[in-house]
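# sequence and predicted structure, then a few things I'm wondering about:
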Amino acid sequence: MATPTPAPVARPGIGRAALVATLIALALLVGAYWTTARGMVDIWARSDTFAHGFVVPLISLWLVWRHRANLAGVNARPTLWMLALVAVAGFGWLLGELAEVNALRQFAFVVLMILAVPAIAGLDVARRLAFPLAFLLFAVPFGEFLLPQLMDWTATFTILALKASGVPVYREGLQFVIPTGSWSVVEACSGVRYLIASLMVGTLFAYLTYQSLSRRLAFVAVSFLVPVFANWVRAYMIVMLGHLSGNKIAVGVDHLIYGWVFFGVVMLLMFWIGAKWREEEVIPKRPVPQDTASAAASTGASAGLFGVAAIAFLAVAVAPLPATRLIESGVARSPPQLAPVGTVEGWRPSSTPMTSWRPRYSQAPAERFESWSKDGLQVGTYVAFYRDQVAARKLITSENVLVASNDKRWLQTSRRRATARRPQVAASRPDRRSLPIALPSACGCGSGTGSMAAGPTVRFAPRL
């Protein structure tokens with residue numbers, strides 16, 4: 001007696017057409033923005049601070065694979081109104097490209113990759129993959145702007161802790177002297193590496209360990225605060241070890257070893273304590289099997305519509321590329337010229353520079369340093385003008401600073417914000433060794449009666 005063959009059973013899901021269209025669009029997007037993608041990889045390779053970028057895409061892919069069961073019952077359908085957000089992200093990339101701002105350009109590129117999923121596969125798919133997609137943002141090399149503040153906090157805490165321990169301290173900016181020697185807080189002492197690594201791993205741990213949003217956000221906040229405080233304690237301990245040992249330990253390679261060991265112990269304790277409040281993951285129920293016809297209907301859109309959505313997404317996403325070339329083709333290429341200011345309200349140009357100090361701004365297409373004198377006072381102005389910016393010559397970069405931490409002649413001793421009726425630069429009497437500087441936040445000076453300038457007031461002094 002013949003046994004009837006059961007009809008094939010299928011489950012609704014994202015669908016091969018949606019998956020293929022999304023993957024092809026992502027591959028073409030990376031190819032179109034290859035320069036931006038390669039720039040990110042180059043930073044991962046040369047900077048220990050951002051070396052974690054190599055594993056971020058792999059972790060995101062693993063998280064997507066982990067959620068494959070959640071995609072079984074999803075209704076994949078393109079969301080064409082998402083193209084408006086794609087256009088906004090593309091405009092952000094265009095601004096970053098024209099201003100040579102790596103962070104803006106790279107964030108916009110990653111956001112374009114994320115938006116490909118809801119635009120082509122649909123919002124239902126994107127909702128279920130929200131965290132794996134958002135986790136890709138950790139691939140962007142970002143956070144070096146925190147260096148000055150973290151360094152200042154580290155120096156302040158270390159000095160306060162030393163004083164509380166009975167050790168006399170003399171501070172001069174980020175350098176301080178104790179009876180057994182002098183110490184300085186440099187970029188490697190800021191703790192930004194610990195902070196970025198802890199924030200990335202802590203966010204992943206919170207997502208995998210907790211289910212409630214409140215616990216996840218609380219642990220992410222802890223993963224931000226703990227490494228900052230731990231770095232302060234690490235710096236204090238290293239100075240005390242050097243002080244108590246007569247500078248025999250914690251002053252060479254072991255300086256870094258002790259720091260990483262201490263950071264590793266702190267992180268292990270943080271995750272061990274956080275695991276005590278673990279919440280069990282709720283496993284979604286598998287959908288009831290359907291026959292082939294109903295399954296095909298539940299996949300949402302047709303294969304052709306996914307293809308159209310992918311083409312529309314790419315058309316909007318890559319539009320900034322020809323726009324960049326069009327804008328740059330109309331830019332003047334003649335070298336910029338900065339005219340001298342001349343006499344201003346009794347201040348006469350002086351041929352004698354008031355100081356040898358210059359801001360550490362490199363490769364400016366045009367720059368000018370001028371000095372004036374009046375009634376025994378001297379004023380100096382420095383103007384750097386950036387135009388036709390490229391990677392090797394741009395204004396917004398962490399390498400452009402008022403004074404470098406490794407400067408052999410000058411030292412930044414204080415910093416605060418101030419507002420002035422007019423921008424003031426480098427005003428001092430000839431017998432003063434300390435040079436108060438008031439600069440607008442963009443490190444440029446304007447002219448005109450009644451103009452306001454708000455920015456950092458920085459005090460410099462020659463190294464002793």
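Great, that's in hand.

# residue nearest the centroid of the protein?
Centroid-nearest residue in the chain: Phe142, 1.6 Å away (criterion: CA atoms, centre = their mean).

# list the contacts for the closest residue to that one other than its chain neighbours?
Of all residues beyond its chain neighbours, the one nearest Phe142 is Ala103 (5.2 Å), with distances taken as CB to CB, 6 or more residues apart in numbering. To be clear about C-beta, it is placed using only N, CA and C from the backbone, and glycine gets the same treatment. The contact partners of Ala103, taken as CB atoms under 8 Å, 6 or more residues apart in numbering, are Gly96, Val140, Pro141, Phe142.

# assign a three-state SS to the last one, would you?
Reducing the assignment to helix, strand or coil with DSSP: H, G, I helix; E, B strand; the rest coil, the entry for Phe142 is coil.

# mind checking how far Ala17 is from Val316?
Applying CB to CB, to the nearest Å, the value for Ala17 to Val316 is 21 Å.

# hmm, I was thinking of Leu58
From Leu58 over to Val316 (counting by CB to CB), the distance is 28 Å.

# the two: which is more packed in?
Comparing Leu58 with Val316 by other CB atoms under 10 Å, the one with more neighbours is Val316, at 20 against 9.

# so that one is in which element?
helix 303-317 (DSSP states H and E).

# so where's the stretch 1-150 of the chain uncertain?
Residue ranges of the stretch 1-150 of the chain with pLDDT under 70: 1-14.

# tell me how many other residues surround Gly342.
Gly342 has 10 nearby residues by other CB under 10 Å.

# wait, doesn't it sit right on Trp372?
No - judged on CB atoms under 8 Å, Gly342 makes no contact with Trp372 at a distance of 9.5 Å.

# what's the end-to-end length of stretch 354-371?
6 Å (CA to CA, to the nearest Å).

# which of the residues in it are buried?
Met354, Thr355, Trp357, Pro359, Tyr361, Gln363, Ala364, Glu367, Phe369, Glu370, Ser371 (16 or more other CB atoms under 10 Å).

# tell me which of these is nearest to Trp34?
Gln363 (24.8 Å; CB to CB).

# that closest one and Glu187: what is the separation?
Applying CB to CB to Gln363 and Glu187 gives a distance of 21 Å.

# and what of Met267?
21 Å.

# so these two - more neighbours on which side?
Each of Met267 and Glu187 has its neighbours counted (other CB under 10 Å); Met267 has more, 20 against 16.

# one step back: what does the helix holding Val316 rub up against?
15, 17-18, 20-22, 24-25, 28-29, 32, 76-78, 80, 83, 86-87, 89-90, 112, 115-116, 119-121, 301.

# list only buried entries from those.
If you count burial by 16+ other CB under 10 Å, the buried members of the contacts of helix 303-317 come out as 15, 17-18, 21-22, 25, 28-29, 32, 76-78, 83, 86, 89-90, 112, 115-116, 119-121, 301.

# show me the contacts for Pro336.
Counted by CB under 8 Å, 6+ apart, Pro336 has contacts Pro365, Ala366, Phe385, Arg387.

# what's around the last one, how many residues?
By other CB under 10 Å, the residues close to Arg387 number 15.

# likewise for the third one?
One way to gauge burial is a neighbour count; for Phe385, by other CB under 10 Å, it gives 14.

# related to what we said a few turns ago, can you confirm the residue nearest to Phe142 is in a strand?
No - counting by three-state DSSP, Ala103 is located in no strand; its state is helix.

# can you give me the strands for the stretch 301-450 of the chain?
348-350, 366-374, 377-385, 410-420, 427-428, 435-438 (DSSP state E, counting those that start in this stretch).

# actually the stretch 101-250 of the chain, not the one I typed
170-172, 175-178, 181-184.

# what's the most distant pair in the contacts of Pro336?
Taking CB to CB, no two of these sit farther apart than Ala366 and Arg387, at 7.8 Å.

# distance of Pro359 relative to Val383?
10 Å.

# do Tyr170 as well
36 Å.

# mind listing the helices for the chain?
16-32, 34-46, 56-66, 83-99, 102-116, 123-128, 130-135, 147-164, 192-209, 213-244, 253-275, 292-298, 303-317, 320-329 (DSSP state H).

# next, the angle from the first one to helix 303-317.
In terms of direction (axes from the mean of the first three to the mean of the last three CA atoms, to 10 degrees), helix 16-32 departs from helix 303-317 by 20 degrees.

# cool, and the fifth one?
For the pair helix 102-116 and helix 303-317, the angle between their directions (the same axes, to 10 degrees) equals 160 degrees.

# relative to helix 83-99, how tilted is helix 102-116?
160 degrees.

# again, but for the second one
Helix 34-46 runs at 70 degrees relative to helix 83-99, counting by the same axes, to 10 degrees.

# show residues contacting helix 34-46.
Residues contacting helix 34-46 (CB under 8 Å, 6+ apart): 30, 50-54, 93, 102, 105-106, 109, 139-141, 391.

# mind running it again at 6 Å?
Val30, Phe50, Ala51, Gly53, Phe54, Arg105, Gln106, Phe109, Pro141 (CB atoms under 6 Å, 6 or more residues apart in numbering).

# right, I'll leave it there.
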